[in-house]
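Novice: Could you work out the structure for the sequence below:
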Amino acid sequence: MKRIVLACAAGMSTSMVVTRMEKEAAARGLEYQIYAIPEQNLRDELQSYGADVAVVLLGPQVRFKLDENRKLTDGYQIPIAVIDTQAYGTLNGAKVLDQALALVN
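Specialist: You can find the predicted model right below:
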């Protein structure tokens, strides 16, 4: 199963976004493992599961780490982006899922 990884500052908001993304993915019949990790653990996550990661989304609070993390994800040919701030702030799981899927396809 492919993974959608949300890398953040380990905040509560991201886990709520993950829950809403999971519900939306299930409603659409999509099979992704969606979960959040602390941004500082991304290197280890990619070393362990890089082949299974479809996309990495950074929480808006760690947007300043995009270029640094793009160097990591490029090595695995994994797309990366910062989660849309409005979608994140309103916990819009459908919109964040759409963003992830647009990067995958």
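
Novice: And for stretch 30-41, what's in contact with it?
Specialist: Residues from elsewhere that reach stretch 30-41, judged by Cβ atoms under 8 Å, 6 or more residues apart in numbering: 1-10, 14-15, 17-18, 21-22, 25, 45, 54, 58-59, 62, 65, 69, 97, 101. Just so you know, the C-beta spots here come from the backbone N, C-alpha and C atoms, and that holds for glycine as well.

Novice: What mean pLDDT does it get?
Specialist: Predicted confidence along stretch 30-41 averages 96 (mean pLDDT).

Novice: measure that stretch end to end?
Specialist: 26 Å (Cα to Cα, to the nearest Å).

Novice: from now on call the first residue 30
Specialist: Okay, residue one is now 30; in that scheme the one you just asked about reads as stretch 59-70.

Novice: Quick check: buried residues in it?
Specialist: 61, 63, 65, 66, 68 (16 or more other Cβ atoms under 10 Å).

Novice: Also stretch 34-51?
Specialist: By 16+ other Cβ under 10 Å, the buried positions in stretch 34-51 come out as 34, 35, 36, 37, 39, 42, 43, 46, 47, 49, 50, 51.

Novice: again with stretch 124-134
Specialist: For stretch 124-134, the neighbour count (16+ other Cβ under 10 Å) marks 124, 125, 126, 128, 129, 130, 132 as buried.

Novice: how far does it sit from the chain's center?
Specialist: Distance of stretch 124-134 from the chain centroid (Cα atoms, centre = their mean, to the nearest Å) equals 9 Å.

Novice: Next: stretch 37-56.
Specialist: Using Cα atoms, centre = their mean, the mean C-alpha position of stretch 37-56 is found 9 Å from that of the whole chain.

Novice: likewise stretch 36-46?
Specialist: Put simply, stretch 36-46 sits 10 Å off its chain's centre (Cα atoms, centre = their mean).

Novice: three-state assignment of residue 35?
Specialist: strand (DSSP: H, G, I helix; E, B strand; the rest coil).

Novice: unless I'm mixing things up, residue 111 is touching residue 86, no?
Specialist: Yes - counting by Cβ atoms under 8 Å, residue 86 is a contact partner of residue 111 at 7.3 Å.
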